[in-house]
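Novice: Next input, structure requested:
(chains A, B and C)
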Amino acid sequence: MRDMRSKLLEVYQLLLGQYSPQHWWPSDTPFEMMVGAILTQSAAWTNVEKAIANLKKEDALSPSAIRALPEPELAQLVRPSGYYNAKARKLKAMASFLWEEYGDDPRGLREDGELLREKLLKVYGIGEETADDIALYVGGIATFVVDAYTRRLVLRLGVFSEDKPYETYRRLFMENLPADVAMFGEYHALIVRHAKEACRKTAPRCGGCVLRRICDFGKSSGAA
DNA sequence: GGCCAGGTCAAAG
DNA sequence: CTTTGACATGGC
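Specialist: Prediction:
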């Protein structure tokens, strides 16, 4: 088969041609982006939208408001996104981090360079994926976001025969594609769009899938 | 009613 | 390092 560079690039081209640019992350401000990144952890985006709407309605969508709000009250506002007690605690940790490190100016994240990702990983509630989300979409760092959809796609493409650690997937993309913030951001967004639209876990609509030719999913025989 | 959704943490082997 | 349980709502 062709080399990995061509393969990953072709997947990107096909998805881009099928869905057009997504212009992620869906948010009005950098802070809203960070809040969304935490709230969407293992949750449906439609539920995250309800939670963010609640925060906006109560003027609680700012670092200072999140810090000032009693945790139980914050929890009720983000309740639609699930795991609301845990997420309230995570939001508070993130808001405290923003004040301590950047004086509440999210633009400060852009000045950390590659160090940003490591700093984010130390914050309670920010794991590998969320750190990459923020580093990429707010920090402007050329890092690749690996979510459940990305893993499923890579496995169905036959790149790995079994699941691997997060870092293995991340390196797969970063070592085989040019470091381009806009492209990485678009690639991840397209993977999510494709997953929601056609490449679902249950009842995947492979019939009209643009990746059909290069995806192993559902194939019983494959040419050498 | 069961399964799934743009994960993370802490404890334990 | 891998596995397991906890955390929880809402749509189909």
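
Novice: Would you map the helices across chain A?
Specialist: Using DSSP state H, the helices found in chain A span residues A:4-19, A:30-39, A:45-57, A:63-68, A:71-77, A:84-102, A:115-121, A:128-137, A:148-156, A:166-174, A:181-197.

Novice: which parts of the shortest one are buried?
Specialist: Meaning helix A:63-68. When neighbours are counted by 16 or more other C-beta atoms under 10 Å, the buried residues of helix A:63-68 are found to be A:63, A:66-67. C-beta here means a position set from N, CA and C on the backbone, and glycine is covered the same way.

Novice: now do the longest one
Specialist: Buried residues in helix A:84-102, defined by neighbour count with 16+ other C-beta under 10 Å: A:84, A:87-95, A:97-98, A:101-102.

Novice: so, in contact with DNA strand C or not, that helix?
Specialist: Yes - Helix A:84-102 lies within reach of DNA strand C by C-beta under 7 Å from any atom of the strand, at A:84-87.

Novice: of those, list those near DNA strand B.
Specialist: Near DNA strand B, by the rule C-beta under 7 Å from any atom of the strand, you find A:A86 out of these.

Novice: Format the residues of helix A:84-102 next to DNA strand C as JSON lines; extra columns: pLDDT.
Specialist: Below are these laid out as JSON lines (pLDDT from 0 to 100):
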{"residue": "A:Y84", "pLDDT": "98"}
{"residue": "A:N85", "pLDDT": "98"}
{"residue": "A:A86", "pLDDT": "98"}
{"residue": "A:K87", "pLDDT": "98"}
